[in-house]
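In: Kindly generate the corresponding structure for this input.
(6 chains)
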Number of protein chains: 4
Amino acid sequence: MTTDQVPGSWRHYDDAALSTPLAAALDLFAERGYEGASIREIAARAGLSVPGLYHHYPSKQALLIGLTRVVMADLLARSRRALDEAGPTPREQFDAVVESLLRFHMVRREQAFVASTEMRSMEPDARDEYVALRDEQQRMLDDVVREGVRAGDFRTPYPEDASRAVTTMCVAVASWYRPDGPLSPDELVERYLAIARGAVGAV
Amino acid sequence: MTTDQVPGSWRHYDDAALSTPLAAALDLFAERGYEGASIREIAARAGLSVPGLYHHYPSKQALLIGLTRVVMADLLARSRRALDEAGPTPREQFDAVVESLLRFHMVRREQAFVASTEMRSMEPDARDEYVALRDEQQRMLDDVVREGVRAGDFRTPYPEDASRAVTTMCVAVASWYRPDGPLSPDELVERYLAIARGAVGAV
Amino acid sequence: MTTDQVPGSWRHYDDAALSTPLAAALDLFAERGYEGASIREIAARAGLSVPGLYHHYPSKQALLIGLTRVVMADLLARSRRALDEAGPTPREQFDAVVESLLRFHMVRREQAFVASTEMRSMEPDARDEYVALRDEQQRMLDDVVREGVRAGDFRTPYPEDASRAVTTMCVAVASWYRPDGPLSPDELVERYLAIARGAVGAV
Amino acid sequence: MTTDQVPGSWRHYDDAALSTPLAAALDLFAERGYEGASIREIAARAGLSVPGLYHHYPSKQALLIGLTRVVMADLLARSRRALDEAGPTPREQFDAVVESLLRFHMVRREQAFVASTEMRSMEPDARDEYVALRDEQQRMLDDVVREGVRAGDFRTPYPEDASRAVTTMCVAVASWYRPDGPLSPDELVERYLAIARGAVGAV
DNA sequence: AATGAATGAGCTTTCATTCAT
DNA sequence: CATGAATGAAAGCTCATTCAT
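Out: Residues are numbered from 1 along each chain as shown, chains lettered A, B, ... in the order given. You can find the predicted model right below:
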């Protein structure tokens, strides 16, 4: 068994990740975008009245911000845990971060998609916060790749660019992967790991 | 000089690609999204009255559709020309398609970004048409990679997945590349070509 | 005293028949027609903001439909009560239905006029419903006239046509009668009853 | 043969009564009302461009006014000719005017309906003119009925009211008669003449 | 927290009309 | 007369948000 689906593992996902209003907002932001989603619809899907929704979240912005915060916190926590639990070699660490990215963008597809496309609808402060977290995530892989190159495990002459390329191809999984498609998560992880290793010139 | 900026070349880009209303719509769709952009603002930015805008495009949808049609036609035409003009080896053909993708997503950043994120706001027919063109673009690279594997030039055991990964990492360039950043287009092409070749296991 | 203005009687009319928005809509539909009346004006006359009006009626159509429903329900209820309370002879029953028609179209002039002229602006379902009620009203008089002919009280060789002619001439009262004109309601009832009896050949 | 369909007779109707733009306007005013009809649609149905339509009629009002003028002139001319050609007795004259009203409202259904319902959309001057012509038409029947009562041919105690009642029931024919219905024009004339005579108490 | 009522501002779209060509 | 382009004004409707209950 390659993936341990134990609760608490960074590989384990269950449904209860979002509050009801955030889950409703996520659905509608994904379907119609932030601007295209109406508070009334969100409230209805959350099973709340409009003022009831405002009791929990003081504005539409607050829903978007709350959503992206949960998303990024979840992603970062999983990647960090994956890295912590990985072996000491750059290759093992690379695999761990890439796999965590892949699994997250397969399972939390909509959340990842909404957070990245609706960045433009965030108030400046919230956007800055989001970008900082995204950069932090990027830096985790940058560091691993740089160390791999230093150690001679990766041969790419462009470690930073390769790291970014790998990140973006993992992130893009969110926009085409379908859980009912031909690829199981484990298969996709296996294949994309091979491809990502090629991208950084793993020996 | 590695890139020939001769008009007519698939590497050459000039400004006059969009009608005034489409250019205005592009700007605003990029800034605020399709739903967040208002016809009034688009008309104002196009230097037209609102009915004046409607004289040229009968609806907001028509602007989005017109925009994505131009985008995809342009991208496909460039990739096809690049492929036609490339040498006969898989490696040369691979480089040609990847480079055309990269340059397009560096220069036509906003157009590519809007077309892909606002897919969800398109009427079903227009979306289908868009997806079909996108798939055609994807298939161009798929064919080259498959042939490269057959010929022994590429060693990836997952040609289709590698092709998709390469495409998505090129497409993602649109969402982070800045023309005033540290990388010139030629530099980025050089680096990403190296990375992409690694992803397909070019020998 | 020929007419008993007792509340509850089919001869009694007071002002409180319509909700504020419906009353405002009635005024403006009567003045300018359904298409010529604007929601903004209706809201203003109702003392509401536009969204305030929409809170009570979800569309302009809903105002028209609500209005015609009230009109037809009121008319039918009055005619039925008039018929119920009338004596057993065809002549008495004829007089009762005709008088109820006359009074309604004198007092509820605008409502009756709007309902009939704006039929064309109703959605098919609502129009069908309206026509059905109007036909029901027509049939009430048809039945009385037919029975009168059978009993020998009316001599017209064309009972159905006479019934329709009488109905339409009563309905038309709405388009020319003025409460501040020379004829009191009671006088008009007396005169038109005489004329209507002639139309069906009452002996 | 009761009706002579000879061209020039007040009983004869052909299609060429309206100019193309007026015919188009009539259609659309009948379907959607004056306010609901758009100049663009009228132009399209008339086979003209919008400026082409404006070349013939300087405004939407001008179409409505032109239309009602033709309608009333036609109706009045026919009724006058009918009266001129009728025999000397009140009864013959009554029948002639009533028949002319009936035929007009059967054949020129839409025109009569539009003229009467769209009165409210006419500019004051044009409305006054229209009302004057309508009153003139009414007076023709009033005179005949009054003379009939004086001569002892009609027994109604309310000659003016009876005359109006008869006129309105003839006018109302426009709103329910269908040429493809069960009644031929000649049959309807026969029946309504009987009913109208009853209304005025013809001996 | 739910409900009903409310609102200023804004939306996309259409209107009748004009004018240069 | 047709065409193409244009426009100020207004249309019906919806938005996020608030507040008294």
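In: Residue numbers of chain A in contact with chain B?
Out: Taking C-beta under 8 Å from any C-beta of the partner chain as the criterion, chain A approaches chain B at residues A:31-36, A:116-118, A:120-121, A:156-158, A:161-162, A:164-166, A:168-169, A:171-173, A:175-176, A:188, A:191-192, A:194-196, A:198-201. The C-beta positions use only the backbone N, C-alpha and C, and glycine is treated the same way.
In: Just give me the neighbour total for residue A:93.
Out: Residues near residue A:93, counting by other C-beta atoms under 10 Å in any protein chain shown, number 23.
In: Drop the exposed ones from the residues of chain A next to chain B and show what's left.
Out: A:32-36, A:116-118, A:120-121, A:156, A:158, A:161-162, A:164-166, A:168-169, A:171-173, A:175, A:188, A:191-192, A:194-196, A:198-201 (16 or more other C-beta atoms under 10 Å in any protein chain shown).
In: Now, those that are in strands?
Out: Residues of these located in strands (DSSP state E): none.
In: ok, and for stretch A:129-139, which residues are buried?
Out: Across stretch A:129-139, burial judged by 16+ other C-beta under 10 Å covers A:129-130, A:133-134, A:137-138.
In: Counting only helices, which of these make the cut?
Out: Using DSSP state H, the members of the buried residues of stretch A:129-139 that fall in helices are A:129-130, A:133-134, A:137-138.
In: From those residues, pick the one nearest chain C.
Out: Set against chain C, the nearest of those by C-beta to the nearest C-beta is residue A:130 (33.6 Å).
In: give the contact list for the closest one.
Out: Contacts for residue A:130 (C-beta atoms under 8 Å, 6 or more residues apart in numbering or on different chains) come out as A:68, A:72, A:115, A:119, A:122.
In: which ones among those residues are found in helices?
Out: A:68, A:72, A:115.
In: Quick one: the contacts of residue A:130 as a markdown table, columns for neighbour count, pLDDT and distance to DNA strand E too.
Out: Formatted as a markdown table, those follow (neighbours: other C-beta atoms under 10 Å in any protein chain shown; pLDDT from 0 to 100; distance: C-beta to the nearest atom of the strand, whole Å):
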| residue | neighbour count | pLDDT | distance to DNA strand E |
| --- | --- | --- | --- |
| A:68 | 24 | 95 | 22 |
| A:72 | 21 | 96 | 25 |
| A:115 | 25 | 94 | 24 |
| A:119 | 17 | 92 | 21 |
| A:122 | 19 | 95 | 19 |
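In: May I ask which two of these are separated the most?
Out: The most widely separated members of these, counting by C-beta to C-beta, are A:72 and A:122 (11.9 Å).
In: So what would you say the end-to-end distance of stretch A:173-193 is?
Out: 13 Å (C-alpha to C-alpha, to the nearest Å).
In: Now do it: distance to the chain's middle.
Out: Relative to its parent chain, stretch A:173-193 has a centroid offset of 14 Å by C-alpha atoms, centre = their mean, to the nearest Å.
In: picking up where we left off before, from the ones in helices among the buried residues of stretch A:129-139, which is closest to residue D:181?
Out: Comparing those against residue D:181 with C-beta to C-beta places residue A:130 closest, at 70.9 Å.
In: so how far is residue D:88 from that closest one?
Out: Distance, residue A:130 to residue D:88, by C-beta to C-beta, to the nearest Å: 98 Å.
In: same thing with residue A:192?
Out: 106 Å.
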